[in-house]
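**Student:** Next come a sequence and a model predicted from it.
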Amino acid sequence: MSANSATPFTGPHLLVPFAACSAEAWLPTMKALPAQSTRHLNQLLKGMKSVHTDTADAHTLSTPHERALALALGLATADTPDGLIPWAAQDAAQHLQGESGKAWAWVTPCHWAMGREHATLTDPAALGLDDAESRALLAAMQPYFDSDGITLRYVPALGAGQWLAEGELFRALPTASLDRVMGRNVDPWLPGGKTEAKDSTARKIKLLQNEMQMLLYTHALNDERAERRQLPVNSFWLSGTGALPAGYAPGGQRPTVPRSLAQAVFADDWEAYAQAWAALDAGDIAQLLARQRAGEAVRLTLCGERGWQTFETHPADLMARISSLLMPQPLWYERNQL
């Protein structure tokens, strides 16, 4: 993470994942957007100044929007190791009792599309798992996780598509966000995938994934899904690993984090991406602009695949009045910041 830290902020905060991305179609899509699609965004930025910029690279395990959100929530600092934002531990603290101090992970049942040279992770939401299916899968998989000291927990509040897993081996195991790997070759993003010498914990996870692939290949649930022409569940993904920092206490106002742009990127649907920008501008951004015009200090964080930039309301001094007469640079012009 950047050496800078986010300024504590308690007002309305809109955090936008995938406002920019590296896909070839992104730039022409943004240049083709009608001016009306970002009208409120341009007006909002006229009354703001940049207060924080964070740039890493497009290969960090934790995405820029996750890093920005974790800083805003006090769940991470600038020194938190990449891939160790304890999202699952935060969920455990919220939904389970007496689990403080333990290390946790999210376990997401998923489908790997097997190609000739590598496997590609499809969007887990496409599986459409229901409660009964999810619980059946967890029961079948738990004995294998037991051998590595991992306990799987089904938490209804998290939905059928994600479980909590408690185990000491997650305390210092960096893992890649699902938002990093969806639609991509899984190999570079697996635990230890970026290092030549994989540690014993990474090897255990790899063995566990191999065992799950063999188990799920013949599982009756997948036979039933095949009859319904649904994708089989043939693996799982670990993410959100780590333990809560000492003294962590949830508090403050959680930023609003829309997912519509991200979903369009994962689907490689650029018409939907353009529509999502128009809807975002007419909805959340217009609401933020109205609150700014009413005198509130508001914050906007735009995220890409490498970094993010945060803007905040500032007093309208003479220079601000002059600059407000000028049109802000279009979002695509600032792509190198994201």
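**Tutor:** Sure, I can see it.
**Student:** need the helices for the stretch 51-200 of the chain, in chain order.
**Tutor:** Here the stretch 51-200 of the chain has its helices, by DSSP state H, counting those that start in this stretch, at 64-73, 87-95, 131-146, 178-181, 200-217.
**Student:** if you compare these, which one is most tucked away?
**Tutor:** Greatest average neighbour count among these goes to helix 64-73 (a mean of 25), per mean count of other Cβ atoms under 10 Å. No exception for glycine: its C-beta is placed from N, CA and C like everyone else's.
**Student:** and the gap between residue 290 and residue 177?
**Tutor:** Applying Cβ to Cβ, to the nearest Å, the value for residue 290 to residue 177 is 32 Å.
**Student:** among the helices of the stretch 51-200 of the chain, which is nearest residue 47?
**Tutor:** Residue 47 lies closest to helix 64-73 among these, at 20.6 Å (Cβ to Cβ).
**Student:** Next, the angle from the closest one to helix 87-95.
**Tutor:** Between helix 64-73 and helix 87-95, the angle comes out at 40 degrees (axes from the mean of the first three to the mean of the last three Cα atoms, to 10 degrees).
**Student:** As CSV, could you dump the C-alpha coordinates of helix 64-73?
**Tutor:** In CSV, the C-alpha atoms belonging to helix 64-73 read as follows (Å, rounded to 0.1, in the frame of the first residue of the first chain):
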residue,chain,number,x,y,z
PRO,A,64,-7.6,-0.8,-5.1
HIS,A,65,-11.2,-0.5,-4.1
GLU,A,66,-10.7,-3.0,-1.3
ARG,A,67,-7.6,-1.2,-0.1
ALA,A,68,-9.5,2.1,-0.1
LEU,A,69,-12.5,0.6,1.7
ALA,A,70,-10.4,-1.1,4.3
LEU,A,71,-8.6,2.1,5.1
ALA,A,72,-11.9,4.0,5.4
LEU,A,73,-13.2,1.3,7.8
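**Student:** which other helices and strands contact that helix?
**Tutor:** If contacts are counted by 3 or more Cβ pairs under 8 Å, 6 or more residues apart in numbering; DSSP states H and E, helix 64-73 sits against strand 13-16, strand 48-55, helix 87-95, strand 299-303, strand 307-313.
**Student:** Give me the contacts around that helix.
**Tutor:** For helix 64-73, contacts defined as Cβ atoms under 8 Å, 6 or more residues apart in numbering pick out 1, 5-6, 9, 13, 15-18, 54, 56, 60, 62, 75-78, 80, 85, 87, 90, 177, 179, 250, 252, 254-255, 257, 301, 303-308, 310, 338.
**Student:** Give the buried subset of those as a PyMOL selection command.
**Tutor:** Selection of the buried residues among those in PyMOL, burial being defined by 16 or more other Cβ atoms under 10 Å:
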select buried, resi 1+6+9+13+15+16+17+18+54+56+60+62+75+76+80+85+87+90+177+179+255+257+301+303+304+305+306+307+308+310+338
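**Student:** which residues sit in contact with residue 142?
**Tutor:** Residues near residue 142 by Cβ under 8 Å, 6+ apart: 151-152.
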